[in-house]
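> All I have is the shape, not the residue letters:
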Ligand code: RIB
């Protein structure tokens, strides 16, 4: 049995509108479309890794409603194991309201719903699954205490823990989580929140990465979208250039990155090479609308890595 990528995290039904530009405070704008897509940072990461042929198992929680049914069906359609996704008797399925403007930039508001019921105890019940993983993917749309416990269980079993600190909390993340995380992967906004520094351009990212290392994060990867990514570990930094692709919708690009990285680690690749997989997976995701529907296949990723283009 191949070791699965295990994701502990959120599942949301995304309600997506497409105004030309996002409204300012007090302003009303028109959009021409309202779409519903399966989303949630955790579930998106799971689908991203599964599309790249990794065996994936998800741990999370949805409500006993139609949104929950749809999210479970869509995970199963991508081959993601859903035995670890339980259903709340009281809370509704997590929902995200998303605007995507004409430049493809997104703004997201999440109602956590059943995601808020992912407790350390719920995670604990899946301890053997987590300990059997090739990698554990975490994000912060479920309670931090659950992530702390999942990371502890994984680290104790020698499983690499990859934390996407999204959304980044204003208060510092627990020392225990820092200790057990193998790699933290913030974007610019999240790096700024975690460090208190303005993360602008490559210089800013380098300074933020050093600061995160001083905070106790062992390996740091800062994602700058079209400006590339910066890997910092052991006092050494390395820049990766972004793939040049047309941007339709940036939603879930970071989730695609995590899925791509985990799929590569699952294949036994070293971190340096796995980052390229993450970047290619992220690039593919921005070329299409929606979260899970936008995740690329192994064939698409291989072409992008080989040629630098979407088509070979
Ligand atoms: O990262 C994108 C995701 O953030 C969306 O799918 C939405 O559900 C929110 O969780």
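Looks like it came in fine. Bear in mind that the values here come from a model prediction, so they are computed numbers and not experimental data. Numbers count the residues shown, from 1 in each chain.
> Tell me the residues of this structure that contact the ligand?
With the criterion set to Cβ under 6 Å from any ligand atom, the chain comes near the ligand through 10, 12, 14, 39-41, 44, 96, 108, 110, 141, 251-252, 254-255, 291. In this view, the C-beta of every residue, glycine as well, is placed from N, C-alpha and C.
> Could you confirm residue 232 falls within a strand?
Yes - using DSSP: H, G, I helix; E, B strand; the rest coil, the assignment for residue 232 is a strand.
> ok, now which ones touch it?
Contact analysis of residue 232 by Cβ atoms under 8 Å, 6 or more residues apart in numbering lists 206, 209, 210, 212, 213, 219, 220, 221, 222, 238.
> Which of those are buried, as a ChimeraX select command?
Selection of buried members from the contacts of residue 232 for ChimeraX, criterion 16 or more other Cβ atoms under 10 Å:
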select :206,209,210,212,213,219,220,221,222
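> Nearest to residue 230, out of the residues of the chain next to the ligand: which one, please.
Using Cβ to Cβ, residue 254 is the member of those that lies nearest residue 230, at 14.5 Å.
> circling back to that earlier point, as CSV, the contacts of residue 232 with secondary structure and pLDDT would be great.
Compiled in CSV, the contacts of residue 232 are given as follows (DSSP: H, G, I helix; E, B strand; the rest coil; pLDDT from 0 to 100):
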residue, secondary structure, pLDDT
206, helix, 98
209, helix, 98
210, helix, 98
212, helix, 98
213, helix, 98
219, strand, 98
220, strand, 98
221, strand, 98
222, strand, 98
238, strand, 98
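> List the contacts of the residue of the chain found nearest the ligand.
Relative to the ligand, the nearest point of the chain is residue 39 (2.5 Å; Cβ to the nearest ligand atom). Residue 39 makes contact with 11, 12, 13, 14, 96, 98, 251, 252, 290, 291, 292, according to Cβ under 8 Å, 6+ apart.
> The first one against residue 115, yeah?
Yes - using Cβ atoms under 8 Å, residue 11 is in contact with residue 115, at 6.9 Å.
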